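Participant: give me a model of this one.
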Amino acid sequence: MSTATYLNRNSPPHITTLVAAAAFGPLAMNIFLPSLPAIATHFDAPFVVVQFAISLYLIANAFLQILIGPLSDRYGRRPVMMFFSCLAIAATVLAIYAPTIEIFLLARGLQGTAIAGMVIGRAVIRDMVGPDESASKIGYVTMGMTLAPMLGPILGGYLDEFYGWQASFWALIIYGFMLVGLLWLDLGETSRYKSASFSAQFRSYPALFTSRRFWGYSVASAAGSGAFFAFLGGSAYLASVHYDIPPSLYGFYFIFAGIGYIVGNFISGRFARKIGINRMMMLGGVVACVGMLISLALVASGLDHRLSFFGPVVFIGLGNGITLPSSIAGIVSVRPEIAGSASGLGGFFQIGGGALLSVLGGAVLGTETGPMPLILLMLASSFASVLATAYVMHIARTVALQEADTTEK
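Facilitator: Numbering: from 1, shown residues only. Next comes the predicted model:
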């Protein structure tokens with residue numbers, strides 16, 4: 001693989017290009033969150049219906065990854081990423097001019113194509129380096145891209161308050177056009193394996209389905225990020241109804257998770273190559289559980305302050321930042337020759353589980369419940385990630401013992 005040269009279409013992409021591409025999906029996910037009440041008012045729709053703008057986006061993300069990954073293995077990383085980025089821009093325009101809430105929700109589903117930058121970006125990294133170094137590079141890329149979802153709700157809150165809810169979507173369109181221009185100039189093709197047909201990529205899925213390591217990494221990834229998606233699904237309701245936080249300030253409370261995520265990704269980038277991906281995943285899962293136990297203790301003792309809920313979420317971000325780069329590196333390393341398909345299928349389980357938990361995150365809350373049901377849901381999801389990681393470590397030990405026995409014989 002040739003060395004990356006910035007703004008050269010004949011070389012691998014610069015890391016900043018991968019950061020920008022990976023940030024598009026999370027930005028489209030988060031920037032409009034403070035506008036949910038305004039969108040409900042605009043379409044005269046119940047808040048619970050408008051919340052489907054989150055879950056539908058995640059569901060679309062999940063199913064699109066099954067398509068995007070194999071497409072990038074068949075036709076190459078560059079053309080597929082550019083096509084779906086353009087489609088996301090078109091969907092954003094549709095959301096702005098949607099005449100009904102149904103059309104708006106349809107547009108939100110189509111906006112899920114913005115996830116292409118994240119899915120294909122992981123495969124690009126795996127095209128270039130091995131598994132432990134992949135975790136390190138994915139950590140650095142994710143650390144950089146986290147600025148988008150962290151600052152997105154803050155920007156979206158101010159845009160909503162001063163210019164209306166559509167302003168957030170116009171900001172996405174501007175970002176999308178800038179991204180497509182950057183991809184055109186800098187995204188060189190990195191795929192070294194091309195299947196004979198698109199259907200051949202789907203025929204490779206059984207090899208992933210029968211891999212215990214793939215399932216372990218996928219569940220760890222889905223459960224770890226699921227705690228954060230549950231937070232997404234319920235935090236807007238808690239902020240507006242339970243804690244009486246205005247839209248322009250909601251983003252500042254959301255920033256706790258973003259700060260933790262940036263720090264976690266820095267730790268992954270710095271230490272994943274030395275420590276190994278399995279131990280990094282375990283560390284991240286334990287950190288997330290500790291954070292939710294702190295929140296649980298604070299609220300159970302009667303300290304139901306907004307910081308009792310939003311403050312410990314920094315540990316969810318920190319744990320995810322440590323866990324996800326390594327679990328993703330594990331997913332795409334099970335079968336390197338179909339890294340795009342593995343990235344897409346693993347992403348399907350991760351985002352699909354996130355969509356389910358985002359719905360549950362909103363469903364478990366009511367005017368009298370307070371934050372406790374959401375805290376318990378986030379704790380359970382984080383603990384499931386720990387269990388999945390323990391399973392992967394068990395497989396690794398078993399394989400190592402079998403190899404040792406074979407060598408002795």
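
Participant: quick one: mean pLDDT for the longest helix anywhere in the chain?
Facilitator: For the chain, the helix with the greatest residue count under DSSP state H is helix 372-408. Per-region confidence: helix 372-408 scores 86 on mean pLDDT.

Participant: swap in stretch 62-75?
Facilitator: For stretch 62-75, mean pLDDT rounds to 81.

Participant: can you give me how far that stretch is from the chain middle?
Facilitator: Distance, stretch centre to chain centre, for stretch 62-75: 16 Å (C-alpha atoms, centre = their mean, to the nearest Å).

Participant: ranges for the helices of the stretch 1-150 of the chain?
Facilitator: In order along the chain, the stretch 1-150 of the chain carries the following helices (DSSP state H, counting those that start in this stretch): 15-30, 36-43, 47-50, 52-75, 77-96, 101-111, 116-128, 131-145, 147-163.

Participant: relative to helix 116-128, how tilted is the fourth one?
Facilitator: Calculated by axes from the mean of the first three to the mean of the last three C-alpha atoms, to 10 degrees, helix 52-75 forms an angle of 40 degrees with helix 116-128.

Participant: show me where pLDDT drops low in the stretch 251-400 of the chain?
Facilitator: Within the stretch 251-400 of the chain, the ranges that satisfy pLDDT under 70 run 337, 339.

Participant: count the neighbours of E102 for me.
Facilitator: Neighbourhood size, E102 [other C-beta atoms under 10 Å]: 12. Quick note: C-beta positions are derived from backbone N, CA and C, even for glycine.

Participant: and it, how far from P37?
Facilitator: Look at E102 and P37: by C-beta to C-beta, to the nearest Å, they are 19 Å apart.

Participant: what's the mean pLDDT across the helix or strand encompassing S221?
Facilitator: Taking DSSP states H and E as the criterion, the element that holds S221 is helix 212-237. Average pLDDT, helix 212-237: 89.

Participant: CA atoms only: put stretch 289-306 into CSV for me.
Facilitator: Output of stretch 289-306 as CSV, limited to C-alpha atoms (Å, rounded to 0.1, in the frame of the first residue of the first chain):
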residue,chain,number,x,y,z
CYS,A,289,-20.4,0.1,34.3
VAL,A,290,-18.7,2.1,37.1
GLY,A,291,-20.2,5.4,35.7
MET,A,292,-23.7,4.0,35.7
LEU,A,293,-23.3,2.6,39.2
ILE,A,294,-22.3,6.1,40.4
SER,A,295,-25.3,7.6,38.8
LEU,A,296,-27.5,4.9,40.3
ALA,A,297,-26.2,5.5,43.8
LEU,A,298,-26.6,9.3,43.5
VAL,A,299,-30.2,9.2,42.3
ALA,A,300,-31.2,6.3,44.7
SER,A,301,-29.9,8.4,47.6
GLY,A,302,-32.2,11.3,46.7
LEU,A,303,-29.7,13.4,44.8
ASP,A,304,-31.7,13.7,41.6
HIS,A,305,-29.9,16.7,40.2
ARG,A,306,-29.3,17.1,36.5
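
Participant: ok, now which ones touch P153?
Facilitator: With contact taken as C-beta atoms under 8 Å, 6 or more residues apart in numbering, P153 is in contact with 30-31, 33-34, 250-251, 254-255.

Participant: brain fart, Y140
Facilitator: Shown here is Y140, whose contacts under the criterion C-beta under 8 Å, 6+ apart are 15, 265-266, 269.

Participant: M280 now?
Facilitator: With contact taken as C-beta under 8 Å, 6+ apart, M280 is in contact with 135, 268, 271-272, 322-323, 325-326.
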